[in-house]
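J.: got a structure for you, letters missing:
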């Protein structure tokens with residue numbers, strides 16, 4: 001049987017991961033897979049692990065949390081298992097499923113660890129949540145313009161930027177309080193929201209995703225433009241760093257390199273009718289490595305037609321060959 005989950009990549013991608021001493025994780029909810037991307041010989045080994053509609057992702061060397069269709073899956077690294085898998089390769093981390101927290105369908109988007117908790121964006125209820133053993137989810141924060149908790153996807157809250165181990169900014173595709181009001185203006189209705197105040201900090205963004213704060217700089221993906229950009233929160237100025245051939249969503253950094261997820265977007269996708277679909281009909285799905293200082297594309301990994309959309313991209317630092 002032919003493996004439909006195929007990919008091609010630039011020849012330098014494996015050595016780039018080796019130089020940066022890392023591997024990558026990605027989720028594709030459309031194809032229902034968590035993807036482990038690992039350098040192996042002269043190529044990349046892409047391992048596709050079945051998960052029910054995975055989107056959000058939070059990982060470090062000890063833990064791996066994946067937000068699925070109606071549950072959060074918690075994996076733990078058990079190094080002793082690596083020796084038992086020696087016949088299948090040299091693994092420096094092996095994640096085993098330890099818990100499954102049933103949330104019901106809340107449309108989990110980005111996730112992140114604090115020192116004690118795993119936080120996740122509950123897009124259906126327009127809030128930021130944590131987990132406990134008694135409830136489907138525990139609301140911890142919502143934008144000030146959202147007046148209550150209801151399964152209405154009012155603003156399409158999606159991205160979470162962390163700083164000093166705490167939430168700092170969140171992105172949303174709109175700032176309305178009516179059910180699915182974000183659909184009214186997809187081209188420039190996107191916003192960045194300040195966590196501390198709950199107020200909108202930046203407006204006029206084109207379908208923003210994956211806000212990030214790194215070493216005093218703020219980054220954003222203007223997905224509707226297919227761009228990686230920096231953001232001056234005080235002035236609201238957005239400066240494009242790189243224009244890429246796809247709907248940009250999923251972002252992480254390592255050693256001066258930005259790893260950006262790209263999606264093709266199907267014609268039936270509600271995220272169409274945006275600048276990207278007007279300007280670039282030949283879109284790709286994969287992960288692009290971009291030099292943060294210059295915007296130069298250093299390498300890329302492109303998936304076959306079986307994987308049309310990427311949501312999360314995360315670096316696993318100092319882990320070159322993880323297994324799950």
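T.: Structure's in. What do you need? Predicted model only: the values in this text are computed from it and were never measured.

J.: rest of the way, CA atoms for contacts and neighbours
T.: OK.

J.: Which secondary structure elements does the one helix or strand residue 316 maps to sit against?
T.: For residue 316, the host element (DSSP states H and E) is strand 313-317. Using 3 or more C-alpha pairs under 8 Å, 6 or more residues apart in numbering; DSSP states H and E, the elements in contact with strand 313-317 are strand 22-28, strand 57-59, strand 247-254, strand 257-263.

J.: I'd like to know which of the ones you listed lies nearest to residue 220.
T.: Closest approach to residue 220 among the helices and strands packed on strand 313-317 (C-alpha to C-alpha): strand 247-254, 8.7 Å.

J.: What strands flank that closest one, and is each parallel or antiparallel?
T.: strand 257-263 (antiparallel) (DSSP bridges).

J.: List of residues touching the lengthiest helix in the chain?
T.: Secondary structure of the chain per DSSP state H: the longest helix is helix 13-20. Helix 13-20 is contacted from outside by 23, 38-44, 254-255, 299-301, 320, using C-alpha atoms under 8 Å, 6 or more residues apart in numbering.

J.: let's see it at 10 Å
T.: Applying C-alpha atoms under 10 Å, 6 or more residues apart in numbering, the set of residues contacting helix 13-20 from outside is 21-24, 37-45, 254-257, 288-289, 298-301, 315, 317-320.

J.: Can you say which of those are buried?
T.: Buried members of the contacts of helix 13-20, scored by 16 or more other C-alpha atoms under 10 Å, are 21-24, 37-40, 43-45, 254, 257, 288-289, 298-301, 315, 317-320.

J.: Residue 78 and residue 84 touch, don't they?
T.: No: under the criterion of C-alpha atoms under 10 Å, residue 78 makes no contact with residue 84, lying 11.2 Å away.

J.: With neighbour numbers in mind, choose between the two.
T.: residue 78 (14 against 10; other C-alpha atoms under 10 Å).

J.: now the more buried one, nearest residue through space, not along the chain?
T.: Closest residue to residue 78 apart from its sequence neighbours, by C-alpha to C-alpha, 6 or more residues apart in numbering: residue 94 at 5.7 Å.

J.: Also compute the angle for whichever strand or helix holds the one you found relative to strand 313-317, please.
T.: Element membership for residue 94 (DSSP H and E) is strand 93-102. In terms of direction (axes from the mean of the first three to the mean of the last three C-alpha atoms, to 10 degrees), strand 93-102 departs from strand 313-317 by 140 degrees.

J.: part of a helix, is residue 120?
T.: No: assessed with DSSP: H, G, I helix; E, B strand; the rest coil, residue 120 is strand; it does not lie in a helix.

J.: Show me the beta-bridge partners of it.
T.: When bridges are called by DSSP bridges, residue 120 pairs up with residue 111, residue 129.

J.: count of neighbours near it?
T.: Neighbours around residue 120, by other C-alpha under 10 Å: 28.

J.: if I read this right, it contacts residue 113, doesn't it?
T.: Yes: with contact defined as C-alpha under 10 Å, residue 120 reaches residue 113; the gap is 8.8 Å.

J.: Overlap in contacts, the two.
T.: 57, 58, 130.

J.: Distance from stretch 113-125 to the middle of the chain?
T.: 13 Å (C-alpha atoms, centre = their mean, to the nearest Å).

J.: can you check stretch 289-304 too?
T.: 16 Å.

J.: end to end, how far does it reach?
T.: 18 Å (C-alpha to C-alpha, to the nearest Å).

J.: still on that earlier bit, can you list the shared contacts of residue 120 and residue 113 in CSV and add distance to residue 33?
T.: Below are the shared contacts of residue 120 and residue 113 laid out as CSV (distance: C-alpha to C-alpha, whole Å):
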residue, distance to residue 33
57, 12
58, 15
130, 23
